[in-house]
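>>> Next come a sequence and a model predicted from it.
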Amino acid sequence: MNAPGHTAKGALAAILYVFLWAAAFVPSRVLAHSAPPLSILWIRFVGAGVLLFAGVRVAGLPVPRDGGTWLRLLLLGILGNAIYLGMNYEALRHLSAGMGSIVASTNPLILALLAPWLLRAPLTARKLSGLLLGFSGVVLAMHTRAHSQEARVQDVLLAAFGVLSFVFSNILYKRMHVRPHPLVLNAAQLFLAGVALLPVALAVEGPPRIDWTWPIVASLAFLVVVLSIGASMLWFWILHHGEASRVSAYFFLTPVFGLLLGALLLREPLAPLDGVALGVIALGLWLVTGER
């Protein structure tokens, strides 16, 4: 059993991460509308990786030398960054930031359903009930937008495929018996994600043509420093210290933050049933995280 202080620290870390993650949908939508998405992503990943490797060098941390570890780091980068964010950026050409955050909150349901087989993490009746209830709140929020341009089926499916890729990256991380230092791990998987995405971006979009306006520069800087570096480091800490389905259940807070930030910063409309949907999501979250 975890000590109360450790449990509280993990909960606060998870909530902070989810807030930062939900906040990313606002600058991501700005970039998706203003610049070639795949080009922006590989620039983001490579830039964050280079900055993190500079930190690795300053700290004098050891870098893996075996090919097996580097292969797993490459897979982490491709699944958790290149595919996940690549699909989301394409979806965000039409999806609203709030709707993107709603789709992202399906993460805990998928992970919790896979965890008993792939991570040997027990899924109790209460936890399953909470996850299903939380997911029903997500479905309700999606239903209110079903006939609008901000929730086209093809864009929702594209974003959902990205979420599935992110889930498998988490499972891969949890199954790594020997892991580099989190700073090294994050630097490597981000840099490798950028390298893997570069030829795809060139093939699909050609040489990057980006008009470096202030909104684009500010959005990219936020995503590199706060998300790719800060939030990613926090997430690996959470995965290292918490049980997968319980910690990831905080992703049900993503639509709460995403809808509110989208409304405040991008003037995206809120639906009358959003309050009901968020209440159902919160109840599901309490059922999952309140279990002892």
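Great, that's in hand.
>>> from the chain's centre, how far out does the helix or strand containing Gly137 sit?
Using DSSP states H and E, Gly137 sits in helix 125-143. Between the centre of helix 125-143 and the centre of its chain there are 19 Å (CA atoms, centre = their mean, to the nearest Å).
>>> tell me which residues of that helix are tucked away?
127-128, 130-131, 133-138, 140-142 (16 or more other CB atoms under 10 Å). (Each C-beta comes from the backbone N, C-alpha and C, glycine too.)
>>> In terms of secondary structure, what does the helix or strand following that helix contact?
For helix 125-143, the following helix or strand on the C-terminal side (DSSP H and E) is helix 153-174. Other helices and strands packing on helix 153-174, by 3 or more CB pairs under 8 Å, 6 or more residues apart in numbering; DSSP states H and E, are helix 67-77, helix 84-91, helix 97-104, helix 107-118, helix 232-241, helix 244-248.
>>> just these: most buried one?
Stretch with highest mean neighbour count among the helices and strands packed on helix 153-174: helix 97-104 (a mean of 29; mean count of other CB atoms under 10 Å).
>>> Centre of the chain to it, how far?
Worked out by CA atoms, centre = their mean, helix 97-104 lies 11 Å from the chain centre.
>>> Output that helix as CSV, nothing but the C-alphas.
Output of helix 97-104 as CSV, limited to C-alpha atoms (Å, rounded to 0.1, in the frame of the first residue of the first chain):
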residue,chain,number,x,y,z
ALA,A,97,-9.2,21.7,-29.5
GLY,A,98,-11.9,20.7,-27.0
MET,A,99,-13.0,17.8,-29.2
GLY,A,100,-9.4,16.7,-29.6
SER,A,101,-9.0,16.6,-25.8
ILE,A,102,-12.2,14.6,-25.5
VAL,A,103,-10.9,11.9,-27.9
ALA,A,104,-7.6,11.9,-26.0
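>>> Against which helices or strands is the helix holding Gly137 packed?
helix 97-104, helix 107-118, helix 244-248, helix 254-266, helix 274-289.
>>> re earlier: now for the helices and strands packed on helix 153-174, which one comes closest to Leu278?
Closest approach to Leu278 among those (CB to CB): helix 97-104, 10.1 Å.
>>> Helix 254-266 and that closest one, what's the angle between them?
Following axes from the mean of the first three to the mean of the last three CA atoms, to 10 degrees, one obtains 170 degrees for the angle between helix 97-104 and helix 254-266.
>>> Low-confidence stretches in the stretch 151-292 of the chain?
151, 239-252, 289-292 (pLDDT under 70).
>>> Tell me how many other residues crowd Pro182.
Neighbourhood size, Pro182 [other CB atoms under 10 Å]: 18.
>>> tell me the contacts of the residue lying closest to it once chain neighbours are set aside?
Nearest residue to Pro182, sequence neighbours excluded (CB to CB, 6 or more residues apart in numbering): Phe236, at 4.7 Å. Taking CB atoms under 8 Å, 6 or more residues apart in numbering as the contact definition, Phe236 lies against Tyr173, Pro182, Leu185, Asn186.
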